[in-house]
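[1] below: sequence and its predicted model.
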Amino acid sequence: MHLTILSRKAAIYTTRRLLMAGRARGARVRVLDPLRVEMHLDETPAAFYARKRLPRTDVVIPRIAPSVQAYGLAVVNHFAMMGVPALNDAAAIASSRNKMRALQLLLANGVPVPPTVMAANASELKALVELVGGLPVLIKLLTPSERPLVMVCESLQSMEAALETVLAMGQNLVVQRYVRRKRERDLRALVVGEEVVAWVERRARPGRLVNTLARGAKLKAVRVPAALDALAVKAARVVGLEVAAVDLLEARTGPMVFDVNSSPGLKGLERATGKDLAAPIIARAEVLAGG
C-alpha cells in the first residue's frame, strides 16, 4: 500500500505517529505539505509537488490545519477526482469545522446534543446563558480559518473577561450547556471506522482554553457503557467521518454530543490510555485502499 499523509510538518506528533505506524505495517508512506501540492485540471486531473508530478497513491490521510482549510480541502477534493479515497473526505471535514452545522446534522439524525444557542455578538450574554440553563457554559468562537477558540466559563465575570479581547473580531458565538455536577462527565471518544478505540474523561480548568491537552485539559482513560460506543460511532457517521474525536457530555438525563473533531491529535489520548492509536487508523486506511 502507498499512503499519503497531508500535513504541514512531518515532525508534528500525530503525523509522526501515523508515519511510523504505516511503515511498521509495511506501507510506503509520504508526508506532503498541502500548501505545496499543485493541482492541475484537464481531461485527466493531476497533482504536482514542487513542480514534479506526483506518482499514484492508494489512500490519503488528511491532517488539514484550520488555518489552511480552504486550500487544503481543495487538495483533498483533487485527490478524490483522481480516484484516491481519503480517510475523511473534504465535505465531512468542512461539516465538522462548521460547529453549528455539525450540531444541526446531529440533532436532525437523532443524536442528542446539549442546549445550544448561536449569536453574532456577545451583547446579550446573560440571556444566552439563561437559554442553555445557566452557568457553567462552553463558549466557542467560530473562526473557520483559524484554530477554534473553546472556553469553559463558570461565572459571568470570567466569561466577560475571557471574551473581552476577542469581541472586536466580529466572529459568531456558540454557547452550550457544560458539565454542572460531579456526576456529570466530559468524555472524548476516538472513533475509527465502526468502532471506538479509546475513551478519556476530560477535566478542564475554569476559564481556560480546553481544545488541547497543552492548554489545560487533563485526560484520564475511562470505561463506558456499550451504548456510548454506539452513540459515538453514530455521531461520526452522521458527520461523514471515518476518523473522529467525538466529545460527549454524560449527564444524568442522558449522553449528549457537543462536538465532533475531524483531525484529532493523538498525543494526549495515547498518553492517557497507554495505547497505540495510530495503528488502527492505518488499518482503516488499508480497508479504504482495498488492501
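    Cool, got the structure.
[2] lowest confidence element among the helices and strands of this structure?
    helix 156-163 (a mean of 74; mean pLDDT, DSSP states H and E).
[3] the residue lying farthest from the centre of the chain in helix, strand or coil?
    When distances are taken from the C-alpha mean of the chain, residue 43 lies farthest, 34.4 Å away, according to CA atoms, centre = their mean. Here residue 43 is coil, with the state taken from DSSP: H, G, I helix; E, B strand; the rest coil.
[4] kindly report the same for residue 244.
    strand.
[5] neighbours of it, how many?
    26 (other CB atoms under 10 Å). All C-beta spots, glycine's among them, are computed from the backbone N, C-alpha and C.
[6] try residue 126
    Counted with other CB under 10 Å, the neighbours of residue 126 add up to 9.
[7] so how far is residue 135 from it?
    10 Å (CB to CB, to the nearest Å).
[8] which residues do those two both contact?
    Listed as contacting both residue 126 and residue 135 by CB atoms under 8 Å, 6 or more residues apart in numbering are residue 156.
[9] how about the helix or strand hosting residue 39 as PDB, C-alpha atoms only?
    Using DSSP states H and E, residue 39 maps to strand 37-40. C-alpha atoms of strand 37-40 as PDB (Å, rounded to 0.1, in the frame of the first residue of the first chain):
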ATOM      1  CA  VAL A  37       0.600  20.500  -3.700                       C
ATOM      2  CA  GLU A  38      -0.100  22.000  -7.100                       C
ATOM      3  CA  MET A  39      -3.400  21.000  -8.700                       C
ATOM      4  CA  HIS A  40      -3.900  20.600 -12.500                       C
END
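[10] pLDDT averaged over it, what's the number?
    Averaged over strand 37-40, pLDDT sits at 97.
[11] wait, is residue 60 part of a strand?
    Yes. Using three-state DSSP, the assignment for residue 60 is a strand.
[12] and it, what pLDDT?
    98.
[13] which SSE is immediately downstream of the least confident helix or strand of the chain?
    strand 172-177.
[14] if you count contacts, what does the helix or strand just after that next one end up packed against?
    Next along the chain after strand 172-177, taking DSSP H and E as the criterion, comes strand 185-192. In terms of contacts (3 or more CB pairs under 8 Å, 6 or more residues apart in numbering; DSSP states H and E), strand 185-192 is packed against strand 195-203, helix 226-239, strand 243-251, helix 278-289.
[15] ok, residue 83 to residue 110 distance?
    To residue 110, residue 83 is 33 Å away according to CB to CB.
[16] which neighbouring elements make contact with the helix or strand containing residue 5?
    Taking DSSP H and E as the criterion, residue 5 maps to strand 2-6. Using 3+ CB pairs under 8 Å, 6+ apart as the contact test, the elements touching strand 2-6 are helix 13-24, strand 28-32, strand 59-62, helix 69-81, helix 278-289.
[17] buried residues in the longest one?
    When neighbours are counted by 16 or more other CB atoms under 10 Å, the buried residues of helix 69-81 are found to be 69, 72-73, 75-80.
[18] now the next helix or strand after that helix: average pLDDT?
    Using DSSP H and E, the next helix or strand after helix 69-81 towards the C-terminus is helix 90-97. For helix 90-97, the mean per-residue pLDDT is 95.
[19] which outside residues touch helix 90-97?
    62, 64, 66, 69, 73-74, 76-77, 80, 101-102, 105, 144, 148, 239-241, 244, 260-263.
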